[in-house]
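Enquirer: build me a structure from this.
(one chain, ligands or ions: 1)
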Amino acid sequence: MYTLTSVSKRYRRGKQTINALDSIDLTIDRGDQLVVQGPTGGGKSTLLQLLGGLDRPTTGSIVLDGTDLAKLSEAKLTKVRATTVGFVFQSWNLIPTLNARENVETALVPLGVRPGERRRRAAQALESVGLGERLTHLPGELSGGQQQRVAIARAIVKEPKVLLADEPTGNLDEDMRDEVMSVLESLWRERGLTFVMVTHDSAIARRAPRLAVIRKGRIKVSENAAA
Ligand SMILES: Nc1ncnc2c1ncn2[C@@H]1O[C@H](COP(=O)(O)OP(=O)(O)OP(=O)(O)O)[C@@H](O)[C@H]1O
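Expert: Residues are numbered from 1 along each chain as shown. Predicted structure coming up:
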């Protein structure tokens with residue numbers, strides 16, 4: 001699914017150059033779950049952004065199903081983001097004036113899906129994250145865990161092959177963390193998604209089938225046979 005070869009990402013700030021990722025090699029198979037951990041500033045979010053085509057590497061290639069994302073035009077990269085990759089972030093960024101279903105529908109607008117079909121698919125996606133009874137609630141009328149589940153429904157409604165999550169439970173207390181994690185886990189299993197998640201939660205990392213630790217732009221991957 002993904003093959004990363006000698007991927008580096010450098011940022012310039014004034015005279016200073018920051019090596020956010022330093023010559024990384026990584027493969028991620030279709031249907032894999034990879035959990036990413038590491039100290040702050042190590043390069044985790046940078047990796048996720050490159051996997052999702054939100055940014056390009058300075059050098060190296062990121063091949064997703066035969067296409068090198070590093071070489072795509074901005075228009076083609078936008079298409080990959082809209083069709084193939086779902087993102088979930090720490091802050092769920094829902095539009096406060098739109099209800100749950102309308103927020104989910106926003107992911108289908110760029111794909112040209114007709115309004116009736118959008119409503120149907122958004123309702124289905126909300127159903128699949130356990131929010132079938134909350135379609136017309138505004139974000140302010142939902143708990144933090146429920147709002148994050150709306151954001152997850154928005155990420156999966158386009159039926160992406162890849163789901164990328166950057167500290168999806170970072171803003172939640174313990175109960176809601178479990179609720180959001182079990183939704184993500186079951187979507188991963190049921191839909192055969194390729195799932196990459198950055199988390200500081202070591203309990204989640206212990207359960208992960210594959211764990212990547214990124215430190216100072218370098219990556220180490222270990223398999224967990226018990227998971
Ligand atoms: N747009 C940018 N411009 C300049 N430097 C950046 C930019 N984005 C990230 N960096 C730097 O690149 C390095 C890696 O950042 P990144 O956000 O990937 O780390 P992280 O592991 O996700 O950290 P955290 O756990 O704090 O989110 C850091 O030193 C950061 O300051």
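
Enquirer: does the ligand have contacts with the helix or strand bottoming out on mean pLDDT in the chain?
Expert: When each helix and strand of the chain is scored by mean pLDDT, DSSP states H and E, helix 202-207 comes last, with a mean of 86. No: Helix 202-207 lies out of reach of the ligand by C-beta under 6 Å from any ligand atom, never closer than 13.5 Å. The way it works is simple: take the backbone N, C-alpha and C, and place the C-beta from them, glycine included.

Enquirer: what's near enough to touch residue 64?
Expert: Residue 64 is in contact with 1, 2, 51, 53, 80, 84, 162, counting by C-beta atoms under 8 Å, 6 or more residues apart in numbering.

Enquirer: can you tell me which of the residues you listed is nearest residue 66?
Expert: residue 1 (10.0 Å; C-beta to C-beta).

Enquirer: show me what contacts the closest one?
Expert: Here residue 1 is in contact with 28, 29, 30, 32, 64, 65, 161, 162, 194 (C-beta under 8 Å, 6+ apart).

Enquirer: quick check, the first one in contact with residue 193.
Expert: Same thing as residue 28. No: contact between residue 28 and residue 193 fails when scored by C-beta atoms under 8 Å: they sit 11.4 Å apart.

Enquirer: and the helices in this structure?
Expert: Using DSSP state H, the helices of the chain run over 44-51, 74-83, 100-105, 115-128, 144-156, 174-191, 202-207.

Enquirer: does anything pack onto the last one? Which helices or strands?
Expert: This means helix 202-207. Counting contacts by 3 or more C-beta pairs under 8 Å, 6 or more residues apart in numbering; DSSP states H and E, helix 202-207 packs against strand 33-37.

Enquirer: tell me which other helices or strands the strand it packs on touches.
Expert: helix 44-51, strand 194-198, helix 202-207, strand 210-215.

Enquirer: 7 Å - rerun?
Expert: strand 194-198, helix 202-207, strand 210-215 (3 or more C-beta pairs under 7 Å, 6 or more residues apart in numbering; DSSP states H and E).

Enquirer: flag every buried residue along the last one.
Expert: Which is strand 210-215. Neighbour-count burial for strand 210-215 flags 210, 211, 212, 213, 214 (criterion: 16 or more other C-beta atoms under 10 Å).

Enquirer: so which residues on the chain come close to the ligand?
Expert: Near the ligand, when you scan the chain using C-beta under 6 Å from any ligand atom, you find 11, 13, 18, 20, 38, 40, 41, 42, 43, 44, 45, 46.

Enquirer: widest-spaced pair of those?
Expert: It's 13 and 38 that sit farthest apart of the residues of the chain next to the ligand, by C-beta to C-beta, at 20.8 Å.

Enquirer: of those two, which one has the most company?
Expert: residue 38 (20 against 7; other C-beta atoms under 10 Å).

Enquirer: identify the bridge partners of the most centrally placed residue in the chain.
Expert: The C-alpha lying nearest the average C-alpha coordinate of the chain belongs to residue 164 (C-alpha atoms, centre = their mean; 1.7 Å). Beta-bridge partners for residue 164, by DSSP bridges, are residue 87, residue 196.

Enquirer: list the contacts of it.
Expert: With contact taken as C-beta atoms under 7 Å, 6 or more residues apart in numbering, residue 164 is in contact with 48, 51, 52, 85, 87, 196.

Enquirer: make a markdown table out of those and add distance to residue 175.
Expert: Formatted as a markdown table, these follow (distance: C-beta to C-beta, whole Å):
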| residue | distance to residue 175 |
| --- | --- |
| 48 | 26 |
| 51 | 30 |
| 52 | 29 |
| 85 | 29 |
| 87 | 24 |
| 196 | 25 |
